[in-house]
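In: What follows is a predicted structure for the sequence shown.
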Amino acid sequence: MTVIAGLFIVTGIVGLAQHWSEFDRLHPFEADAILGTLVRLLAIVCGVFMLRGHNWARWVALLWLAFHVGLSIFHSWFQTGMHALLLAILAYILLRPRAAEYFAARDRKISGAGAGGRGT
């Protein structure tokens, strides 16, 4: 999970750097600029919270990549295929029983069940 979370963080940071290099100071609030920034920030947030073991972050990460598959439909078939392949690989890794155990263990630790709290 650490590698995948790290990849999301790096992808978001690199995407922000690239996006900001294309930033137009004369028109800073265009929809593309705002959406592009939010999508890249979301990747960073997903990565950080996956590292912290929050289960919702893996689902948002999957939705994030599915969104990219949808966007790539308007580009080349190669780009669509690559995003779809990445989504399949990520889904395989994040939906495996070991991943579920990782996030469940972290959720129990976060809620205090592992530290003498009232777990269910």
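Out: On my side now, so go ahead.

In: contacts and neighbour counts: CA atoms only from here.
Out: Fine.

In: So what does the residue nearest to residue 102 when sequence neighbours are not counted look like in phi/psi?
Out: Excluding its sequence neighbours, the residue lying closest to residue 102 (C-alpha to C-alpha, 6 or more residues apart in numbering) is residue 53, at 7.1 Å. Per-residue torsions, residue 53: phi 90, psi 20 (degrees, to the nearest 10).

In: and what of residue 10?
Out: The phi/psi pair for residue 10 (degrees, to the nearest 10) is phi -60, psi -40.

In: residues contacting the closest residue to it other than its chain neighbours?
Out: Excluding the flanking residues, the one nearest residue 10 by C-alpha to C-alpha, 6+ apart is residue 44, at 7.5 Å. Applying C-alpha atoms under 8 Å, 6 or more residues apart in numbering to residue 44 gives the contacts 8, 9, 10, 11, 12, 13.

In: Please flag which of those sit within helices.
Out: Counting by DSSP state H, the contacts of residue 44 place 8, 9, 10, 11, 12, 13 in helices.

In: can you give me the helices in this protein?
Out: So, for the chain - with DSSP H - the helices run 2-21, 31-51, 55-72, 77-94, 97-111.
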